[in-house]
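Colleague: Below: sequence and its predicted model.
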Amino acid sequence: MSELSIETVRAAIESHPDPETGRPMGKTGQIVEVTVDGKNAHIKLGLSSHSAAIADEVAAMLESKVVAASPGANAKVEVVPHHRIAPRSGQAGLKIKSVILVGSGKGGVGKSTVAASLALSLQQFGSRVGLMDADVYGPSVPQLLGLEGRPAITEAKRIEPIRCGDMPVMSMGFLVERDQAVIWRGPMLHGSINQFLGETEWGELDYLIIDMPPGTGDVALTLSQAVPIAGSVVVCTPQEVALLDAIKAISMFRKVNIPILGMVENMSGFLCPDNGKTYDIFGRGGARAKAEELDVPFLGGLPIDIGLRIAGDEGRLAEVMANDEQARAPMDKIARAVVRNLASKAAAAPAKPSLPTL
Ligand SMILES: Nc1ncnc2c1ncn2[C@@H]1O[C@H](COP(=O)(O)OP(=O)(O)OP(=O)(O)O)[C@@H](O)[C@H]1O
(Lines give C-alpha, C1' and ligand atoms only; values in the text may rest on other atoms or scores of the structure.)
Protein backbone atom coordinates (compact mmCIF):
# COMPACT_ATOMS: atom_id res chain seq x y z
CA MET A 1 0.00 0.00 0.00
CA SER A 2 1.32 3.43 -0.91
CA GLU A 3 1.47 6.01 1.87
CA LEU A 4 -2.03 7.21 2.81
CA SER A 5 -2.10 10.99 2.93
CA ILE A 6 -4.76 13.56 3.69
CA GLU A 7 -4.45 14.72 0.06
CA THR A 8 -5.16 11.19 -1.26
CA VAL A 9 -8.25 10.95 0.95
CA ARG A 10 -9.55 14.37 -0.03
CA ALA A 11 -8.91 13.74 -3.74
CA ALA A 12 -10.86 10.49 -3.52
CA ILE A 13 -13.99 12.06 -2.09
CA GLU A 14 -14.17 15.74 -2.96
CA SER A 15 -15.89 15.33 -6.31
CA HIS A 16 -18.69 13.26 -4.77
CA PRO A 17 -21.97 15.19 -5.10
CA ASP A 18 -23.78 16.39 -2.00
CA PRO A 19 -27.10 14.46 -2.08
CA GLU A 20 -29.11 17.60 -1.42
CA THR A 21 -27.61 20.13 -3.81
CA GLY A 22 -25.72 17.93 -6.25
CA ARG A 23 -22.62 20.11 -5.78
CA PRO A 24 -19.18 18.53 -5.27
CA MET A 25 -18.62 18.08 -1.54
CA GLY A 26 -15.11 19.47 -1.84
CA LYS A 27 -16.61 22.83 -2.79
CA THR A 28 -19.37 23.06 -0.20
CA GLY A 29 -17.34 22.88 2.98
CA GLN A 30 -18.90 19.53 3.83
CA ILE A 31 -15.62 17.70 4.20
CA VAL A 32 -15.20 19.15 7.65
CA GLU A 33 -12.05 17.31 8.73
CA VAL A 34 -9.77 14.57 7.42
CA THR A 35 -7.22 12.90 9.68
CA VAL A 36 -4.86 10.09 8.77
CA ASP A 37 -3.07 7.74 11.11
CA GLY A 38 -0.97 5.13 9.28
CA LYS A 39 -3.41 3.33 6.97
CA ASN A 40 -6.50 4.63 8.83
CA ALA A 41 -8.42 7.63 7.57
CA HIS A 42 -11.07 9.40 9.60
CA ILE A 43 -13.40 11.79 7.80
CA LYS A 44 -15.90 14.17 9.38
CA LEU A 45 -18.58 14.73 6.77
CA GLY A 46 -21.26 17.40 7.07
CA LEU A 47 -24.70 16.40 5.80
CA SER A 48 -27.92 18.34 6.22
CA SER A 49 -31.01 16.74 7.76
CA HIS A 50 -32.50 16.67 4.23
CA SER A 51 -30.10 13.78 3.48
CA ALA A 52 -30.64 11.96 6.79
CA ALA A 53 -32.36 8.91 5.24
CA ILE A 54 -29.32 8.07 3.12
CA ALA A 55 -26.53 9.33 5.40
CA ASP A 56 -25.29 5.76 6.03
CA GLU A 57 -25.09 4.94 2.34
CA VAL A 58 -23.30 8.20 1.52
CA ALA A 59 -20.79 7.44 4.30
CA ALA A 60 -20.25 3.88 3.00
CA MET A 61 -19.82 5.16 -0.56
CA LEU A 62 -17.12 7.63 0.49
CA GLU A 63 -15.35 4.97 2.56
CA SER A 64 -15.25 2.69 -0.47
CA LYS A 65 -13.85 5.52 -2.63
CA VAL A 66 -10.96 6.00 -0.21
CA VAL A 67 -10.24 2.26 -0.18
CA ALA A 68 -10.39 2.16 -4.01
CA ALA A 69 -7.92 5.05 -4.21
CA SER A 70 -5.59 3.48 -1.69
CA PRO A 71 -6.07 -0.30 -1.48
CA GLY A 72 -5.39 -1.64 2.00
CA ALA A 73 -6.52 1.59 3.69
CA ASN A 74 -9.28 1.72 6.29
CA ALA A 75 -11.69 4.62 6.11
CA LYS A 76 -14.30 5.72 8.60
CA VAL A 77 -16.76 8.49 7.79
CA GLU A 78 -18.45 10.21 10.70
CA VAL A 79 -21.53 12.20 9.70
CA VAL A 80 -21.96 15.56 11.45
CA PRO A 81 -24.76 18.14 10.97
CA HIS A 82 -24.29 20.64 8.16
CA HIS A 83 -26.81 23.44 7.70
CA ARG A 84 -25.24 25.86 5.30
CA ILE A 85 -27.91 25.35 2.68
CA ALA A 86 -30.94 27.60 2.89
CA PRO A 87 -34.40 26.24 2.17
CA ARG A 88 -35.80 27.06 -1.24
CA SER A 89 -39.16 28.75 -1.12
CA GLY A 90 -41.67 29.09 -3.90
CA GLN A 91 -44.08 31.38 -2.09
CA ALA A 92 -43.40 34.20 0.30
CA GLY A 93 -42.87 32.79 3.77
CA LEU A 94 -42.44 29.16 2.71
CA LYS A 95 -39.18 27.61 3.85
CA ILE A 96 -39.46 24.13 2.47
CA LYS A 97 -36.64 22.39 0.67
CA SER A 98 -38.54 19.61 -1.13
CA VAL A 99 -42.28 19.36 -1.74
CA ILE A 100 -43.27 15.80 -2.64
CA LEU A 101 -46.72 14.85 -3.95
CA VAL A 102 -48.15 11.40 -3.27
CA GLY A 103 -50.83 10.48 -5.78
CA SER A 104 -52.71 7.57 -7.25
CA GLY A 105 -55.08 7.23 -10.15
CA LYS A 106 -57.61 5.32 -8.06
CA GLY A 107 -59.04 5.74 -4.55
CA GLY A 108 -58.54 3.20 -1.80
CA VAL A 109 -55.13 1.92 -2.89
CA GLY A 110 -53.46 3.22 0.27
CA LYS A 111 -52.25 6.60 -0.95
CA SER A 112 -52.88 8.34 2.39
CA THR A 113 -51.26 5.48 4.31
CA VAL A 114 -48.18 5.72 2.09
CA ALA A 115 -48.08 9.55 2.31
CA ALA A 116 -48.34 9.54 6.11
CA SER A 117 -45.88 6.64 6.54
CA LEU A 118 -43.39 8.26 4.16
CA ALA A 119 -43.55 11.47 6.21
CA LEU A 120 -43.12 9.54 9.46
CA SER A 121 -40.26 7.46 8.09
CA LEU A 122 -38.34 10.51 6.82
CA GLN A 123 -38.87 12.10 10.21
CA GLN A 124 -37.59 9.01 12.03
CA PHE A 125 -34.40 9.23 9.98
CA GLY A 126 -33.93 12.78 11.29
CA SER A 127 -35.40 15.05 8.60
CA ARG A 128 -37.79 17.91 9.36
CA VAL A 129 -41.09 16.94 7.79
CA GLY A 130 -44.62 18.32 7.38
CA LEU A 131 -47.70 16.56 6.04
CA MET A 132 -50.45 18.26 4.05
CA ASP A 133 -53.63 16.38 3.26
CA ALA A 134 -54.82 17.87 -0.03
CA ASP A 135 -57.37 15.11 -0.44
CA VAL A 136 -60.13 17.61 0.28
CA TYR A 137 -62.90 15.22 -0.81
CA GLY A 138 -61.94 12.40 1.56
CA PRO A 139 -59.34 13.62 4.04
CA SER A 140 -58.12 10.51 5.87
CA VAL A 141 -54.85 11.74 7.38
CA PRO A 142 -56.46 12.95 10.68
CA GLN A 143 -58.01 9.49 11.13
CA LEU A 144 -54.78 7.60 10.34
CA LEU A 145 -52.79 9.72 12.79
CA GLY A 146 -55.52 10.05 15.43
CA LEU A 147 -55.49 13.86 15.17
CA GLU A 148 -58.38 16.16 15.87
CA GLY A 149 -59.11 19.74 16.79
CA ARG A 150 -59.30 22.96 14.87
CA PRO A 151 -56.17 24.77 13.73
CA ALA A 152 -55.77 28.10 15.56
CA ILE A 153 -55.26 31.34 13.68
CA THR A 154 -52.19 33.28 14.80
CA GLU A 155 -52.10 37.05 15.37
CA ALA A 156 -50.44 37.37 11.97
CA LYS A 157 -53.55 35.65 10.51
CA ARG A 158 -51.70 32.48 9.70
CA ILE A 159 -52.90 28.93 10.28
CA GLU A 160 -51.30 27.03 13.14
CA PRO A 161 -51.15 23.38 11.99
CA ILE A 162 -52.15 20.48 14.22
CA ARG A 163 -49.08 18.52 15.34
CA CYS A 164 -48.40 14.82 15.31
CA GLY A 165 -45.51 14.81 17.75
CA ASP A 166 -43.16 17.33 16.13
CA MET A 167 -44.70 17.05 12.69
CA PRO A 168 -46.99 19.86 11.48
CA VAL A 169 -50.08 18.45 9.76
CA MET A 170 -52.82 20.29 7.87
CA SER A 171 -55.99 18.71 6.52
CA MET A 172 -59.48 19.69 5.41
CA GLY A 173 -60.53 17.08 7.96
CA PHE A 174 -59.69 19.60 10.71
CA LEU A 175 -62.11 22.13 9.25
CA VAL A 176 -65.25 20.13 8.44
CA GLU A 177 -67.28 17.67 10.47
CA ARG A 178 -66.29 14.05 9.84
CA ASP A 179 -69.59 13.00 8.27
CA GLN A 180 -70.00 16.13 6.16
CA ALA A 181 -69.52 15.97 2.40
CA VAL A 182 -67.40 18.74 0.93
CA ILE A 183 -68.59 20.17 -2.36
CA TRP A 184 -65.99 22.18 -4.19
CA ARG A 185 -66.08 24.30 -7.25
CA GLY A 186 -62.80 24.67 -9.10
CA PRO A 187 -61.85 28.15 -7.81
CA MET A 188 -62.68 27.20 -4.20
CA LEU A 189 -60.50 24.13 -4.46
CA HIS A 190 -57.70 26.22 -5.93
CA GLY A 191 -58.09 28.78 -3.13
CA SER A 192 -58.14 26.30 -0.28
CA ILE A 193 -55.11 24.40 -1.55
CA ASN A 194 -53.15 27.62 -1.91
CA GLN A 195 -54.25 28.68 1.55
CA PHE A 196 -53.20 25.37 3.11
CA LEU A 197 -49.84 25.63 1.46
CA GLY A 198 -49.04 29.30 1.79
CA GLU A 199 -50.82 30.38 4.96
CA THR A 200 -49.95 27.48 7.25
CA GLU A 201 -47.10 28.01 9.71
CA TRP A 202 -45.04 25.09 8.43
CA GLY A 203 -41.78 26.41 9.82
CA GLU A 204 -38.53 25.29 8.23
CA LEU A 205 -38.89 21.90 6.60
CA ASP A 206 -36.74 19.51 4.63
CA TYR A 207 -39.83 17.83 3.19
CA LEU A 208 -43.49 18.65 2.84
CA ILE A 209 -45.36 15.50 1.86
CA ILE A 210 -48.68 16.22 0.17
CA ASP A 211 -51.42 13.58 0.04
CA MET A 212 -53.19 14.30 -3.25
CA PRO A 213 -56.83 13.65 -4.09
CA PRO A 214 -57.15 10.66 -6.43
CA GLY A 215 -57.43 11.13 -10.16
CA THR A 216 -57.94 14.75 -11.13
CA GLY A 217 -55.09 16.96 -12.29
CA ASP A 218 -56.54 20.23 -10.87
CA VAL A 219 -54.77 20.08 -7.55
CA ALA A 220 -51.46 19.03 -9.11
CA LEU A 221 -51.71 21.98 -11.48
CA THR A 222 -52.57 24.41 -8.67
CA LEU A 223 -49.66 23.16 -6.56
CA SER A 224 -47.17 23.18 -9.40
CA GLN A 225 -48.05 26.83 -10.08
CA ALA A 226 -47.65 27.77 -6.42
CA VAL A 227 -44.33 26.11 -5.50
CA PRO A 228 -41.52 24.22 -7.18
CA ILE A 229 -42.40 20.54 -6.74
CA ALA A 230 -39.40 18.27 -6.16
CA GLY A 231 -41.27 15.21 -7.41
CA SER A 232 -44.18 12.83 -7.11
CA VAL A 233 -44.71 9.32 -5.82
CA VAL A 234 -47.43 7.23 -7.47
CA VAL A 235 -49.12 4.56 -5.37
CA CYS A 236 -50.94 1.57 -6.85
CA THR A 237 -51.81 -2.03 -6.05
CA PRO A 238 -50.49 -4.87 -8.23
CA GLN A 239 -53.87 -5.35 -9.94
CA GLU A 240 -54.24 -4.48 -13.60
CA VAL A 241 -57.10 -1.99 -12.98
CA ALA A 242 -55.08 -0.06 -10.40
CA LEU A 243 -52.06 -0.11 -12.70
CA LEU A 244 -54.09 1.36 -15.54
CA ASP A 245 -55.14 4.20 -13.24
CA ALA A 246 -51.56 4.63 -12.07
CA ILE A 247 -50.56 5.17 -15.69
CA LYS A 248 -53.12 8.00 -15.83
CA ALA A 249 -51.64 9.54 -12.68
CA ILE A 250 -48.15 9.36 -14.18
CA SER A 251 -49.25 11.00 -17.39
CA MET A 252 -51.09 13.69 -15.40
CA PHE A 253 -47.92 14.50 -13.41
CA ARG A 254 -45.90 14.52 -16.60
CA LYS A 255 -48.37 16.91 -18.25
CA VAL A 256 -47.87 19.47 -15.49
CA ASN A 257 -44.09 18.93 -15.55
CA ILE A 258 -43.83 17.33 -12.12
CA PRO A 259 -40.93 14.86 -12.00
CA ILE A 260 -41.87 11.28 -11.09
CA LEU A 261 -39.72 9.98 -8.24
CA GLY A 262 -41.20 6.52 -8.65
CA MET A 263 -43.99 4.02 -8.10
CA VAL A 264 -44.92 2.21 -4.88
CA GLU A 265 -46.71 -1.13 -4.99
CA ASN A 266 -49.03 -1.20 -1.99
CA MET A 267 -50.77 -4.38 -0.79
CA SER A 268 -47.98 -6.31 -2.43
CA GLY A 269 -48.50 -9.79 -0.97
CA PHE A 270 -49.98 -10.80 2.37
CA LEU A 271 -47.78 -12.42 4.96
CA CYS A 272 -50.13 -14.64 6.95
CA PRO A 273 -49.32 -14.32 10.64
CA ASP A 274 -50.76 -17.83 11.29
CA ASN A 275 -48.57 -19.88 8.97
CA GLY A 276 -45.86 -17.50 7.77
CA LYS A 277 -46.85 -18.07 4.13
CA THR A 278 -47.17 -15.19 1.67
CA TYR A 279 -50.34 -14.98 -0.41
CA ASP A 280 -50.41 -12.67 -3.41
CA ILE A 281 -54.01 -11.55 -2.98
CA PHE A 282 -53.90 -8.75 -5.55
CA GLY A 283 -50.97 -10.29 -7.47
CA ARG A 284 -47.43 -9.08 -7.09
CA GLY A 285 -44.73 -7.45 -9.17
CA GLY A 286 -47.20 -5.68 -11.50
CA ALA A 287 -46.07 -2.21 -10.46
CA ARG A 288 -42.38 -3.04 -10.89
CA ALA A 289 -43.03 -4.30 -14.42
CA LYS A 290 -45.23 -1.30 -15.22
CA ALA A 291 -42.64 1.10 -13.82
CA GLU A 292 -39.99 -0.42 -16.09
CA GLU A 293 -42.33 -0.18 -19.06
CA LEU A 294 -43.05 3.49 -18.31
CA ASP A 295 -39.42 4.25 -17.55
CA VAL A 296 -40.06 5.44 -14.00
CA PRO A 297 -38.19 4.16 -10.93
CA PHE A 298 -39.76 1.44 -8.79
CA LEU A 299 -39.49 2.53 -5.15
CA GLY A 300 -40.59 -0.67 -3.44
CA GLY A 301 -43.58 -2.56 -2.16
CA LEU A 302 -45.60 -2.52 1.06
CA PRO A 303 -47.18 -5.84 2.05
CA ILE A 304 -50.73 -6.09 3.33
CA ASP A 305 -50.13 -5.75 7.03
CA ILE A 306 -53.04 -6.32 9.36
CA GLY A 307 -51.24 -4.39 12.09
CA LEU A 308 -50.95 -1.38 9.76
CA ARG A 309 -54.66 -1.54 8.91
CA ILE A 310 -55.65 -1.71 12.58
CA ALA A 311 -53.21 1.08 13.44
CA GLY A 312 -54.79 3.25 10.72
CA ASP A 313 -58.32 2.50 11.93
CA GLU A 314 -57.35 3.32 15.50
CA GLY A 315 -55.35 6.44 14.63
CA ARG A 316 -52.08 4.86 15.82
CA LEU A 317 -50.05 4.90 12.62
CA ALA A 318 -47.43 7.25 14.10
CA GLU A 319 -47.09 5.06 17.18
CA VAL A 320 -46.60 1.91 15.10
CA MET A 321 -44.10 3.64 12.79
CA ALA A 322 -42.15 4.82 15.83
CA ASN A 323 -42.08 1.53 17.72
CA ASP A 324 -42.46 -1.37 15.30
CA GLU A 325 -39.29 -1.70 13.24
CA GLN A 326 -40.62 -4.65 11.27
CA ALA A 327 -43.75 -2.74 10.20
CA ARG A 328 -41.62 0.30 9.33
CA ALA A 329 -38.91 -1.53 7.37
CA PRO A 330 -40.63 -1.60 3.93
CA MET A 331 -41.50 2.09 4.25
CA ASP A 332 -37.96 2.98 5.30
CA LYS A 333 -36.72 1.30 2.14
CA ILE A 334 -39.14 3.37 0.07
CA ALA A 335 -38.18 6.60 1.89
CA ARG A 336 -34.49 5.92 1.19
CA ALA A 337 -35.26 5.30 -2.48
CA VAL A 338 -37.17 8.61 -2.65
CA VAL A 339 -34.23 10.56 -1.15
CA ARG A 340 -31.76 8.68 -3.38
CA ASN A 341 -33.78 9.59 -6.47
CA LEU A 342 -33.92 13.23 -5.40
CA ALA A 343 -30.14 13.07 -4.93
CA SER A 344 -29.57 11.76 -8.43
CA LYS A 345 -31.78 14.52 -9.82
CA ALA A 346 -29.74 17.07 -7.84
CA ALA A 347 -26.47 15.55 -9.13
CA ALA A 348 -27.77 15.81 -12.70
CA ALA A 349 -28.74 19.48 -12.20
CA PRO A 350 -26.72 20.88 -9.26
CA ALA A 351 -28.11 23.85 -7.33
CA LYS A 352 -26.47 27.21 -7.98
CA PRO A 353 -23.47 27.75 -5.67
CA SER A 354 -24.68 31.21 -4.66
CA LEU A 355 -27.29 29.88 -2.19
CA PRO A 356 -27.46 32.07 0.91
CA THR A 357 -26.39 30.57 4.19
CA LEU A 358 -28.71 30.00 7.14
N1 LIG B 1 -50.34 -2.05 3.21
C2 LIG B 1 -51.50 -2.05 3.86
N3 LIG B 1 -51.82 -3.06 4.70
C4 LIG B 1 -53.01 -3.07 5.35
N5 LIG B 1 -53.94 -2.12 5.24
C6 LIG B 1 -53.67 -1.08 4.42
C7 LIG B 1 -52.45 -0.97 3.69
N8 LIG B 1 -52.49 0.17 2.98
C9 LIG B 1 -53.66 0.76 3.24
N10 LIG B 1 -54.38 0.01 4.10
C11 LIG B 1 -55.73 0.29 4.62
O12 LIG B 1 -56.59 0.48 3.48
C13 LIG B 1 -57.53 1.53 3.72
C14 LIG B 1 -57.42 2.60 2.65
O15 LIG B 1 -56.15 3.20 2.78
P16 LIG B 1 -55.93 4.76 2.48
O17 LIG B 1 -56.94 5.60 3.16
O18 LIG B 1 -54.50 5.01 2.74
O19 LIG B 1 -56.20 4.74 0.92
P20 LIG B 1 -56.35 5.96 -0.11
O21 LIG B 1 -55.84 5.46 -1.40
O22 LIG B 1 -55.76 7.18 0.45
O23 LIG B 1 -57.91 6.06 -0.13
P24 LIG B 1 -58.82 7.34 -0.47
O25 LIG B 1 -58.57 7.64 -1.88
O26 LIG B 1 -60.19 6.82 -0.18
O27 LIG B 1 -58.37 8.42 0.48
C28 LIG B 1 -57.22 2.04 5.11
O29 LIG B 1 -58.09 1.38 6.00
C30 LIG B 1 -55.80 1.60 5.37
O31 LIG B 1 -55.54 1.39 6.77
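Modeller: In hand now; what should we look at?
Colleague: By mean pLDDT, which helix or strand of the protein comes out lowest?
Modeller: None of the helices or strands of the chain scores lower by mean pLDDT, DSSP states H and E than strand 278-279, at a mean of 79.
Colleague: Give me the contacts around that one.
Modeller: With C-beta atoms under 8 Å, 6 or more residues apart in numbering as the test, strand 278-279 has contacts from 269-272, 303. (Each C-beta comes from the backbone N, C-alpha and C, glycine too.)
Colleague: Secondary structure element for Leu261, which one?
Modeller: strand 260-271 (DSSP states H and E).
Colleague: same question but for Val320, I mixed them up
Modeller: Here Val320 is assigned to helix 317-323, by DSSP H and E.
Colleague: Report the mean confidence score over that helix.
Modeller: For helix 317-323, the mean per-residue pLDDT is 95.
Colleague: hmm, the next helix or strand along the chain from it touching the ligand?
Modeller: Later in the chain than helix 317-323, the nearest helix or strand by DSSP H and E is helix 325-348. No - Helix 325-348 stays clear of the ligand (C-beta under 6 Å from any ligand atom), getting no nearer than 8.5 Å.
Colleague: in helix 325-348, what counts as buried?
Modeller: By neighbour count on 16 or more other C-beta atoms under 10 Å, the buried set for helix 325-348 is 327-328, 330-332, 334-343, 346-347.
Colleague: need the contact list for the closest residue to the ligand within the stretch 201-350 of the chain.
Modeller: Nearest to the ligand, among the residues of the stretch 201-350 of the chain, is Gly312, at 3.0 Å (C-beta to the nearest ligand atom). By C-beta under 8 Å, 6+ apart, the contact set of Gly312 is 113, 143-144.
Colleague: Give me the buried entries from the contacts of strand 278-279.
Modeller: Applying 16+ other C-beta under 10 Å to those flags 269-270, 303 as buried.
Colleague: Including distance to the ligand, could those residues go into TSV?
Modeller: What follows is these, written out as TSV (distance: C-beta to the nearest ligand atom, whole Å):
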residue	distance to the ligand
Gly269	10
Phe270	8
Pro303	6
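Colleague: So which of these is the closest to Val235?
Modeller: Pro303 (14.0 Å; C-beta to C-beta).
Colleague: Test my guess that that closest one contacts Gly269.
Modeller: Yes - here Pro303 reaches Gly269: they are 5.0 Å apart, a contact under C-beta atoms under 8 Å.
Colleague: List the ones among the contacts of Gly312 that fall in strands.
Modeller: Using DSSP state E, the subset of those located in strands is empty.
Colleague: Pull out the buried residues from those.
Modeller: For those, a burial check counting by 16+ other C-beta under 10 Å picks out 113, 143-144.
Colleague: near the ligand, from those residues?
Modeller: By C-beta under 6 Å from any ligand atom, the members of the buried ones among the contacts of Gly312 lying near the ligand are Thr113.
Colleague: As JSON lines, the buried ones among the contacts of Gly312 with pLDDT would be great.
Modeller: Listed next are those as JSON lines, based on pLDDT from 0 to 100:
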{"residue": "Thr113", "pLDDT": "96"}
{"residue": "Gln143", "pLDDT": "95"}
{"residue": "Leu144", "pLDDT": "96"}
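Colleague: which one of the buried ones among the contacts of Gly312 is nearest the ligand?
Modeller: Nearest to the ligand among the buried ones among the contacts of Gly312, with distances taken as C-beta to the nearest ligand atom, is Thr113, at 3.4 Å.
Colleague: That closest one and Val32: what is the separation?
Modeller: Distance from Thr113 to Val32, counting by C-beta to C-beta, to the nearest Å: 39 Å.
Colleague: and if you look at Glu63?
Modeller: 16 Å.
Colleague: residues in the stretch 101-250 of the chain within reach of the ligand, list them.
Modeller: 104, 107-113, 135, 138, 140, 214.
Colleague: try 5 Å
Modeller: 107-113, 138, 140, 214 (C-beta under 5 Å from any ligand atom).
Colleague: Buried ones only from those, please, as a ChimeraX command.
Modeller: A single ChimeraX command is used to select the members of those judged buried by 16+ other C-beta under 10 Å:
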select :109,110,111,112,113,140,214
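Colleague: Sitting in helices, which of the residues of the stretch 101-250 of the chain next to the ligand do you find?
Modeller: 111-113 (DSSP state H).
Colleague: what bits of the stretch 251-358 of the chain have low per-residue confidence?
Modeller: Along the stretch 251-358 of the chain, segments meeting pLDDT under 70 span 283, 352-358.
Colleague: which parts of it sit against the ligand?
Modeller: For the stretch 251-358 of the chain, the contact set with the ligand under C-beta under 5 Å from any ligand atom comprises 302, 304-305, 308-309, 312.
Colleague: Now with 6 Å, please.
Modeller: Counting by C-beta under 6 Å from any ligand atom, the stretch 251-358 of the chain sits next to the ligand at 266-267, 302, 304-305, 308-309, 312.
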